[in-house]
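Visitor: prediction below, plus the sequence it came from.
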Amino acid sequence: MTTGILDYESDAIVQLMGIPEEDWGEQELKDALQRAIMLELSTIPPYATALWSIIDPNKNEPLAHTIREIVFDEMSHFGLVCNMLTRINGTVVLKDPLTVPKYPGELPGGVNPGLEVFLSGLTRESAALFSEIEKPENPLAFAADGNTIGAFYQRIADVFPRFAHLMTGGNQITFPFSGHGAGNAVVRMNTIDDVLNAIHVIQSQGEGTTATPENPFPGAPGELAHYYAFKEIAVGKKLVKNPATGKFEFTGPDVPLPPTSPVARVPAGGWANDPANAPDPATAKLLHDFNTSYSAMLTALQDAWGGEPARLFDALGDMGDLRDTAQQLNVIKLPSDPNSTYGPEWLLIP
């Protein structure tokens with residue numbers, strides 16, 4: 001049995017992956033799903049921070065559109081896994097100080113070891129980080145190594161059918177994410193096929209497939225899986241298929257970065273921990289407002305999957321508040337560096 005499953009900074013996923021499939025019991029499956037929920041949640045703050053740093057609010061701005069669609073995907077993945085856990089009578093834990101994401105820091109559970117996830121504005125470097133988070137086991141464009149999120153989900157898919165008899169729980173939430181595209185709705189987990197289909201959506205939207213880098217459940221035709229979309233931004237070139245070799249390469253047209261606020265990397269524990277950039281009272285209030293909305297969102301989401309589904313709409317309202325407050329922070333210059341600005345901290349207020 002794994003230890004420290006609710007500790008974001010533990011190596012619980014490594015422990016779970018080290019247990020042979022046949023030795024997984026009910027508790028291991030529930031632990032794995034809680035970890036998957038924490039993984040999905042951990043991607044939203046860095047992706048959203050980068051998205052909100054883009055100055056042009058026009059939804060037609062190509063990179064803003066791309067990242068916004070990915071954030072929607074991650075939100076739907078989060079909801080699907082929450083439904084998996086509650087379906088087998090597990091409890092979704094979100095507002096515990098142990099479970100919330102820690103930045104900068106590694107992904108929860110020891111997946112993608114050595115990868116430091118940070119909060120900052122959109123840059124080539126942050127896009128490279130995002131592509132590393134989403135990297136497949138065997139990407140079509142270059143080699144990968146290490147434990148990946150996709151491999152962890154595959155283990156869950158391999159094990160889950162043995163526990164179909166546990167699928168008696170309620171607290172299932174549905175949400176359409178209408179207009180985003182096929183496959184992105186949060187749906188009930190009524191059968192094992194529902195679970196396996198949902199895991200396939202999660203894996204292929206993040207990684208693509210072994211045949212194509214395109215998202216098979218796109219918001220628009222030609223939309224790339226997350227890994228390749230972020231890699232294009234990081235490299236600054238479109239992904240194209242080389243007609244001579246048949247291989248996909250980042251050698252296409254340029255991918256320019258849009259105008260952004262120069263949001264600096266957020267220090268561990270927040271800006272108050274950086275003496276050179278300690279916020280003034282007005283900035284401190286905005287940071288507190290952001291963290292209050294974030295904490296309220298986590299509480300509402302936990303309540304939603306705890307038997308109060310209408311609380312999901314409170315969480316969505318909190319997400320809008322987060323965006324508005326982040327964009328106010330993004331124009332405030334750092335005292336030590338007028339070429340950089342503050343960014344949201346994403347800290348839990350217990």
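Guide: Structure's in. What do you need?
Visitor: averaged pLDDT, stretch 319-335. What do you get?
Guide: For stretch 319-335, mean pLDDT rounds to 97.
Visitor: to clarify, my last question referred to stretch 202-211.
Guide: pLDDT averaged over stretch 202-211 gives 71.
Visitor: residues contacting residue 177?
Guide: By C-beta atoms under 8 Å, 6 or more residues apart in numbering, the residues touching residue 177 are 72, 75-76, 184-186. C-beta here means a position set from N, CA and C on the backbone, and glycine is covered the same way.
Visitor: before we move on, what SS does residue 173 have?
Guide: coil (DSSP: H, G, I helix; E, B strand; the rest coil).
Visitor: I figured it hits residue 306, correct?
Guide: No. Contact status for residue 173 versus residue 306: not in contact, 10.6 Å apart, counting by C-beta atoms under 8 Å.
Visitor: per-residue confidence for residue 173?
Guide: If you check residue 173, the pLDDT there is 96.
Visitor: distance of it from residue 328?
Guide: 31 Å (C-beta to C-beta, to the nearest Å).
Visitor: one step back: looking at residue 173 and residue 306, which is more packed in?
Guide: Set side by side, residue 173 and residue 306 give different neighbour counts by other C-beta atoms under 10 Å, the larger being at residue 173 (20 against 15).
Visitor: leaving out the residues flanking it, which one is nearest to that one?
Guide: In this structure, residue 173 finds its nearest non-sequential neighbour in residue 309, 5.1 Å apart by C-beta to C-beta, 6 or more residues apart in numbering.
Visitor: which SSE is that neighbour in?
Guide: Using DSSP states H and E, residue 309 falls within no helix or strand.
Visitor: next one: phi and psi at it?
Guide: When read as degrees, to the nearest 10, the backbone of residue 309 gives phi -60, psi -30.
Visitor: show the pLDDT at it.
Guide: Looking at residue 309, its pLDDT is 96.
Visitor: from residue 172, how far off is it?
Guide: 8 Å.
Visitor: how about residue 16?
Guide: As defined by C-beta to C-beta, residue 16 lies at a distance of 24 Å from residue 172.
Visitor: same check on residue 76?
Guide: Distance, residue 76 to residue 172, using C-beta to C-beta: 14 Å.
Visitor: neighbour count: the two, which is higher?
Guide: More crowded of residue 76 and residue 172, by other C-beta under 10 Å: residue 76, with 25 against 18.
Visitor: so who does that one touch?
Guide: Taking C-beta under 8 Å, 6+ apart as the definition, contacts of residue 76 comprise 175, 177, 180, 184-186.
Visitor: for the longest strand anywhere in the chain, buried residues please.
Guide: In the chain, assigned by DSSP state E, the strand with the most residues is strand 337-341. Within strand 337-341, the residues that count as buried by 16 or more other C-beta atoms under 10 Å are 340-341.
Visitor: now tell me what touches it from outside.
Guide: Strand 337-341 is contacted from outside by 121, 261-264, 277, 329-334, using C-beta under 8 Å, 6+ apart.
Visitor: inside helices: which ones of those residues?
Guide: Using DSSP state H, residue 329 are the members of these that sit in helices.
Visitor: sort out which of the contacts of strand 337-341 are buried, if you could.
Guide: Among the contacts of strand 337-341, the ones that count as buried by 16+ other C-beta under 10 Å are 121, 261-264, 277, 329-330, 332, 334.
Visitor: give me the distance between the closest residue to residue 249 other than its chain neighbours and residue 235.
Guide: Nearest residue to residue 249, sequence neighbours excluded (C-beta to C-beta, 6+ apart): residue 242, at 5.3 Å. Distance, residue 242 to residue 235, using C-beta to C-beta: 15 Å.
Visitor: of the buried ones among the contacts of strand 337-341, closest to residue 347?
Guide: Using C-beta to C-beta, residue 329 is the member of the buried ones among the contacts of strand 337-341 that lies nearest residue 347, at 13.0 Å.
Visitor: right, and the closest one touches residue 342 too?
Guide: Yes. Using C-beta under 8 Å, residue 329 makes contact with residue 342 at a distance of 4.7 Å.
Visitor: now the common contact residues for those two.
Guide: Taking C-beta under 8 Å, 6+ apart as the contact rule, residue 329 and residue 342 both touch 283, 287.
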